[in-house]
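> Predicted coordinates and the sequence they were generated for:
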Amino acid sequence: MRSYTLTAPAKINLYLEIIGDRPDGYHELAMILQSIDLADQIELHSISTDSIRIYCDHPQVPTDENNLAYQAAELMATQFPEAFSKHGGIEITINKHIPIAAGLAGGSTNAAAVLVGIDLLWNLGLTQSELEELGASLGSDVPFCVAGGTVIATGRGEQLSPLPNLDNIYIVLAKYRSLEVSTAWAYKTYRQQFGNSYIRNTKDLAARAAAVHSGGIVKAIFAKNTAEIAQKLHNDLERVVLSAYPQVLQLREVFATQEGVLGTMMSGSGPTVFALLESEQQAQAVKLKMREIIPDEDLELFVTRMTTHGIQIVSSV
Ligand code: C5P
């Protein structure tokens, strides 16, 4: 039986603007998504029984249909029933390194890896855009996670335009292990509080998305100007999450006062906060300093860097 091992990187949001409502109940977004070098490892094996099985070394990760990776395998089985019956079932083993429920797309990147891996296991020959389209039905961040890199994402988050790659910028991530923020709650609360400022017509939505394409942070990315990128970080969801979760606000404030930190922001709907730095040495120093200032065992800190890729194959047998 064949098997593949894939690496599935997390993401951060360098920019997240909520620009309107959508008829499907989601929000119209303009985001800049960035892959980072913190990744889970996913092993996929064909098995002789026609079932989907998930194993994960993290006790809080569900191993049933509540796991997005399970849903990804199920989607492939229903979309490609002949291949499913020819190749048999799938066993998925997830080695978790990305903190869960963190705003880092951990579940989405696992699902993207399952789509890419099953495409290989079953020799389907799907294109990147076909994989992204399948991913969109699983979650808004899944399409981005397929190819990763540095990307503008609009619509629900599934319409992707690549930007020049950024890979020499270092990141410190900070997250309280026991703190979880519901993404649905964050968007709902934002709508309740700020929904009256949403753009109402499609023409203006398109104009706003185009303005983001040509706006400050995108220019800074084209210029590869790290300090400028860091100054232009933005996340509308901070407006609701920072006031409801003082611990997240505290991480933002402590990061902002550390030497070498060029900019700091919450990722996605949180609760992870990240800081951008020029060098690994500076990032390690900030990590140590954070630990000193907040000696809480519940606080997880990671040093990582931006990366240029999404799902990659590590090995196949
Ligand atoms: O697409 P995904 O399942 O990751 O989204 C999680 C939740 O985030 C959705 O149920 C929705 O409440 C909210 N969301 C949204 N608009 C988006 C993306 C997500 O309202 N564009």
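Looks like it came in fine.
> got the residues of the protein near the ligand?
The chain comes close to the ligand at residues 26-27, 29, 139-141, 156-157, 183-184, 187, as judged by C-beta under 6 Å from any ligand atom. C-beta: built from backbone N, CA, C; applies to glycine.
> Do a quick rundown of the helices in the stretch 1-150 of the chain.
In order along the chain, the stretch 1-150 of the chain carries the following helices (DSSP state H, counting those that start in this stretch): 68-79, 81-87, 106-121, 128-136, 142-147.
> With mean neighbour count and mean pLDDT added, can I get these in CSV?
Converted to CSV, the helices of the stretch 1-150 of the chain look like this (neighbours: other C-beta atoms under 10 Å; pLDDT from 0 to 100):
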stretch, mean neighbour count, mean pLDDT
helix 68-79, 21, 98
helix 81-87, 14, 93
helix 106-121, 28, 98
helix 128-136, 18, 98
helix 142-147, 27, 98
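> And the ones you listed: which comes nearest residue 21?
Each of the helices of the stretch 1-150 of the chain was checked against residue 21 via C-beta to C-beta, and the shortest separation belongs to helix 128-136, namely 18.6 Å.
> Which neighbouring elements make contact with that closest one?
The helices and strands touching helix 128-136, judged by 3 or more C-beta pairs under 8 Å, 6 or more residues apart in numbering; DSSP states H and E, are helix 68-79, helix 106-121, helix 142-147.
> Which neighbouring elements make contact with the host helix or strand of residue 285?
For residue 285, the enclosing helix or strand under DSSP states H and E is helix 280-293. Under the contact criterion of 3+ C-beta pairs under 8 Å, 6+ apart, the helices and strands touching helix 280-293 comprise strand 170-176, helix 246-256, strand 273-277, strand 299-305.
> most tightly surrounded among these?
Between the helices and strands packed on helix 280-293, strand 273-277 has the highest mean count of neighbours, a mean of 28, where neighbours are mean count of other C-beta atoms under 10 Å.
> okay, the angle between that strand and strand 299-305?
Between the axis of strand 273-277 and that of strand 299-305 there is an angle of 40 degrees, by axes from the mean of the first three to the mean of the last three C-alpha atoms, to 10 degrees.
> Need the contact partners of strand 273-277.
Strand 273-277 is touched from outside by 12, 169-175, 226, 229-230, 233, 248, 251-252, 255, 258, 260-267, 283, 286, with contacts defined as C-beta atoms under 8 Å, 6 or more residues apart in numbering.
> thinking again about what came up before, including distance to residue 303, could the helices of the stretch 1-150 of the chain go into TSV?
Supplementary listing: the helices of the stretch 1-150 of the chain in TSV, determined by distance: least, C-beta to C-beta, whole Å:
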stretch	distance to residue 303
helix 68-79	26
helix 81-87	40
helix 106-121	18
helix 128-136	29
helix 142-147	22
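> Quick check: the gap between the closest residue to residue 254 other than its chain neighbours and residue 250.
Residue nearest to residue 254 in three dimensions, not counting chain neighbours: residue 293, with 5.6 Å by C-beta to C-beta, 6 or more residues apart in numbering. Separation of residue 293 from residue 250 (C-beta to C-beta, to the nearest Å): 10 Å.
> Mind listing residues that contact stretch 241-251?
Residues beyond stretch 241-251 that count as contacts (C-beta under 8 Å, 6+ apart) turn out to be 174, 176, 179, 181, 186, 189, 252, 266, 269-271, 273, 294.
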